Each structure stands twice: as C-alpha cells, then as structure tokens.
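>>> just coords:
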C-alpha cells in the first residue's frame, strides 16, 4: 500500500512541476515591477485557465498523498523509537588485530629502499 501511494505521490510531483513550467508567465515575479495587490490582479482572483485549475487539482492531490504517507509512516513506526532499535541491535564484535604482538608495524629506520640505476 505504501509503495502504491509513494508512486502516485512521485507522479503527482513530476506532473505538478511540468504543469507549472508550462504555464504562461504573468511577469512581475514575486511582486516586483508591477502593481502587485494594488492593481487587483492578486487579491481574490480565482484560476481562470485550464492550466491554473489543473495546477490546483494536482497541488491538492499532492498534499493529500503527503498526509497519507505521513499517516502510514507513523503507523509503521508506532511503539518503537530509534533508541529502542539501537539497544535491541546485537553488539558488533571487533576482529582481533593480530596474534603476533612482536611483529613490527612499520619498517625499521635502518632499512633502505633499493637504489635504481640511473639512466645517465
């Protein structure tokens, strides 16, 4: 069930992005360069075009699927927390470093690297 709602949610998101990008720009982005609310263009105006109505429908469906996914996630995690999962997890065992504790970790200072003949 969760996967079906998630796929619908993703399809709604992609179609909402596409519909918004296909709409005609009305200029004056974010109220700059145009009369804004004083001109009556913003205040109390309903969506008149089919693309505007489709945008509102897709946005409403997107919000609904967001709420459904939230309810599903909350019901799946009911009664458990992250701390409960950490304490229930088995302890991780670390592998021993080595049985031979006398083995050198780095080469001794008197060891020299082999000298390669020069091409002179």
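Nice, I can see it. Keep in mind the model is a prediction, meaning the values are calculated, not measured.

>>> any low-confidence regions in the chain?
Across the chain, the ranges flagged by pLDDT under 70 are 27-47, 85, 87-120.

>>> ok, now with 50
The chain contains residues with pLDDT under 50 at 36.

>>> please enumerate the helices of it.
Ranges of helices within the chain are 2-22, 50-76, 82-88, based on DSSP state H.

>>> mind putting the ones you listed into TSV with mean neighbour count?
Where you see a C-beta, it was placed from the backbone N, CA and C, and this is true even at glycine. Listed next are these as TSV, based on neighbours: other C-beta atoms under 10 Å:
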stretch	mean neighbour count
helix 2-22	13
helix 50-76	13
helix 82-88	8
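
>>> these two touch, right, residue 62 and residue 16?
Yes: assessed by C-beta atoms under 8 Å, residue 62 is found in contact with residue 16 at 5.9 Å.

>>> contact partners for the closest residue to residue 12 other than its chain neighbours?
Excluding the flanking residues, the one nearest residue 12 by C-beta to C-beta, 6 or more residues apart in numbering is residue 62, at 4.6 Å. Applying C-beta atoms under 8 Å, 6 or more residues apart in numbering to residue 62 gives the contacts 9, 12-13, 16.

>>> out of the residues you listed, who's nearest residue 80?
residue 9 (24.0 Å; C-beta to C-beta).

>>> distance of that closest one from residue 25?
According to C-beta to C-beta, to the nearest Å, residue 9 stands 27 Å off from residue 25.

>>> now swap in residue 54 and tell me
17 Å.

>>> with residue 67 instead?
Counting by C-beta to C-beta - residue 67 and residue 25 are separated by 31 Å.

>>> appreciated, that's everything.
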